Each structure stands twice: as C-alpha cells, then as structure tokens.
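K.L.:
Structure for this input, please:
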Amino acid sequence: MKRPFLYNLGMANFKLFLAGSVDPTTDAYIMERDYPRLLSYGYQRTDIDRYCKAKENGSYKGMVMVDSGAFSVFNSGKTINIDDYCKYINENPMVDRFVELDFIPGVVSGKISAEMSMRGAEESRKNYLYMLTKVKRTEKIMPVFHYAEPWEYLKAMVETKHDGVHFVPSICVSGPKTSGKQKEFFDFLAKCFNIINESENKGVQVHALGVGVVDVLNSQPLYSADFASWVMSASVGTIMTKEYGALSVSDRGDAKSVEHMPPQAKEALRAYVAKFGFTYEELVSDYKARWRFNATQCQLIADAITHKPKVHSLSLF
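P.N.:
As a prediction, this is how the structure comes out:
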C-alpha cells in the first residue's frame with residue numbers, strides 16, 4: 001500500500017535529519033518523501049551512494065548530511081584517515097554537507113579533564129583547517145564544537161572564512177553525551193548562541209548533533225539536528241507520535257504496551273496511525289513498519305519546532 005505524503009518538506013524551517021541504519025525499503029520510503037538524512041562515512045557508504053544516485057537522477061530532493069563517523073569509529077578502536085575522507089568528499093558532490101573529521105579526546109561520556117578538552121578542541125580545529133586546503137567545496141564542511149571545550153574555539157570557528165572571503169555558513173555543536181543531562185544541554189546551547197550573537201557571523205546555521213528532545217530543540221534558533229532514536233525505539237517495540245508521545249506497541253508482553261490499555265486508547269491510536277497510511281496491527285508486529293512510521297512522525301515534530309522555549313529552558317550567562 002502506498003503511504004500518503006505529509007507535506008512538502010520545504011515548508012518546514014527547522015530540519016530534523018534521520019540518522020541510523022535501516023533497510024533499503026525504509027530508505028526508499030524516506031527518499032520518496034524527501035526527508036533529510038544523516039549517514040555515516042564510517043559505516044554507511046553504500047547507503048550514501050544510493051542517496052547520491054537518487055539526488056542525481058532527481059528522485060530524491062531532500063538534504064543529505066554525511067558524518068565522518070569519528071564517534072562510532074572511536075568506539076570500535078579504529079581510525080579514519082583524513083586524506084581518504086577529503087578524497088571521498090571531492091568524489092561525492094551530491095552530498096549537501098559533510099561533518100568535519102573531529103577529534104574524540106579519549107572518552108565519549110563522563111567527566112573530561114580540561115587538558116583533554118583543550119586537546120580535543122585543538123585537534124578538531126587543526127583537522128578542519130587542513131580539510132579546507134584539500135576539499136573543493138569548502139562551504140560544505142561543518143566544523144564541530146564539543147561540550148566542555150574552551151569557548152574561544154567556538155568564536156574562532158564561527159568567524160573562520162572557509163574560502164578566505166566568506167564566513168563558514170554552518171557549524172555543528174555536540175552537547176553532553178551522558179543521559180540525564182538536559183539542563184546542561186539547555187545551558188550549553190544558550191552559551192553557544194550568546195557567543196554566536198556577539199560574533200561577526202550571527203547568521204551561521206547551527207546543527208545540534210544527536211538531539212531529538214523537543215524542549216532542547218525549541219530552546220535556541222537551531223537550523224537543524226539529527227536523531228537516531230526513531231530507529232532504536234522502533235526496534236524495541238516503540239513508536240513515536242506527535243500527538244501522544246512515545247508509545248510501546250510491542251506484542252512481546254510489555255506491561256506498558258498499548259495492548260494493555262483500555263479499548264478506547266487502542267482505538268484512538270488506531271485512528272491516528274491510519275491517517276498516515278498505517279495499521280495498528282502492522283505497527284505491533286513489524287519493526288520495519290515502525291521505522292517508517294517513526295520517520296513520518298519525526299517530520300511532524302520538526303515542523304512543530306518554533307524556537308519558543310519554556311521558561312524553565314532559559315539560562316542566564
């Protein structure tokens with residue numbers, strides 16, 4: 001059954017890039033609807049190639065962002081060669097943006113020492129400036145500023161002229177990775193935008209890496225973010241809904257599943273998912289259907305981002 005389209009993605013100002021690995025059928029669903037996609041150079045090159053070919057033949061008009069995969073590769077104990085990455089960038093002109101090869105300073109969660117943060121900032125900065133000398137379309141490279149790095153590196157990053165004439169058009173910010181750090185993320189983004197607004201490049205587009213919390217996304221005027229939980233949650237029996245939040249529809253005995261809710265709750269959900277061309281039964285039994293449904297809901301969430309923070313989201317600096 002062909003699924004209904006939601007809307008023309010161009011209507012949404014904020015963009016929520018779909019990250020993570022799915023099957024080709026789900027990727028075809030995403031491409032058919034022009035949803036923005038983030039893919040990893042480290043482990044998704046076949047998928048990148050498929051999206052680039054679709055962009056080239058005009059069957060996909062969404063945005064493709066490629067992450068270097070430094071974070072995932074670091075976890076596996078491997079490395080990425082920066083010259084190979086630059087060569088790959090030059091050979092794939094259909095990709096809209098590439099995240100620089102940033103440096104992971106020894107740990108990926110928990111407390112990072114000041115020395116480690118300084119080294120991470122220095123190495124990431126060095127990598128970015130080197131990449132500017134190697135790639136043809138320097139405006140596509142997005143430098144990364146990490147949580148706990150010295151703030152002067154953010155100012156220097158924002159005011160870099162990628163081609164010697166024009167300021168860098170877009171950057172990435174990477175907040176705290178440990179769960180339960182929402183307050184820290186609010187504060188981190190607020191400080192980032194204070195520095196940006198005091199810089200000579202106030203209009204730089206800011207992408208938040210790995211964030212899907214609506215309150216956080218609303219707290220500052222972000223251009224975009226990426227989100228992988230739409231895949232992970234679906235794989236364990238959960239669907240995302242714009243109207244009702246996250247709901248377990250697992251048929252594997254989850255006590256909190258909609259299956260155990262009153263009949264009227266199930267009927268309300270049944271009617272809701274039908275509006276998007278899905279049936280409740282397929283979402284209960286098929287994780288790939290949940291992937292596709294969640295991809296659709298992510299676009300509704302993105303469309304609802306207004307950058308109007310709640311009072312508790314504000315921070316003073």
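
K.L.:
Surely Met131 touches Asp84?
P.N.:
No - if you go by C-beta atoms under 8 Å, Met131 and Asp84 don't touch, sitting 11.8 Å apart. For every residue, glycine as well, the C-beta is placed using N, CA and C.

K.L.:
quick one: which of the two has more around it?
P.N.:
Met131 (22 against 11; other C-beta atoms under 10 Å).

K.L.:
Is that one within a helix or a strand, and which one?
P.N.:
helix 114-134 (DSSP states H and E).

K.L.:
in that helix, what counts as buried?
P.N.:
By neighbour count with 16 or more other C-beta atoms under 10 Å, helix 114-134 contains the buried residues Met116, Ser117, Met118, Arg119, Gly120, Ala121, Ser124, Arg125, Asn127, Tyr128, Met131, Leu132.

K.L.:
As a check, name the ranges of all strands in the chain.
P.N.:
Along the chain, counting by DSSP state E, strands occupy 15-18, 37-40, 64-67, 97-99, 141-142, 144-146, 170-174, 205-208, 224-227, 238-241, 245-248.

K.L.:
how distant is the longest one from the center of its chain?
P.N.:
On the basis of C-alpha atoms, centre = their mean, to the nearest Å, the separation between the geometric centre of strand 170-174 and that of its chain is 11 Å.

K.L.:
In contact with the residue nearest in space to the middle of the chain, which residues are there?
P.N.:
The structure's the chain has its C-alpha centroid closest to Asp226; by C-alpha atoms, centre = their mean the separation is 0.9 Å. Applying C-beta atoms under 8 Å, 6 or more residues apart in numbering to Asp226 gives the contacts Leu16, Phe17, Leu18, Ala19, Leu38, Met65, Asp67, His207, Ala208, Leu209, Gly210, Val211.

K.L.:
any low-confidence regions in the chain?
P.N.:
1-12, 70-78, 105-112, 178-181, 251-253, 309-317 (pLDDT under 70).

K.L.:
any idea how far the residue of it most remote from its centre lies from Leu269?
P.N.:
The outermost residue of the chain, judged against the average C-alpha position, is Pro263 (35.9 Å), by C-alpha atoms, centre = their mean. As judged by C-beta to C-beta, to the nearest Å, Pro263 and Leu269 stand 11 Å apart.
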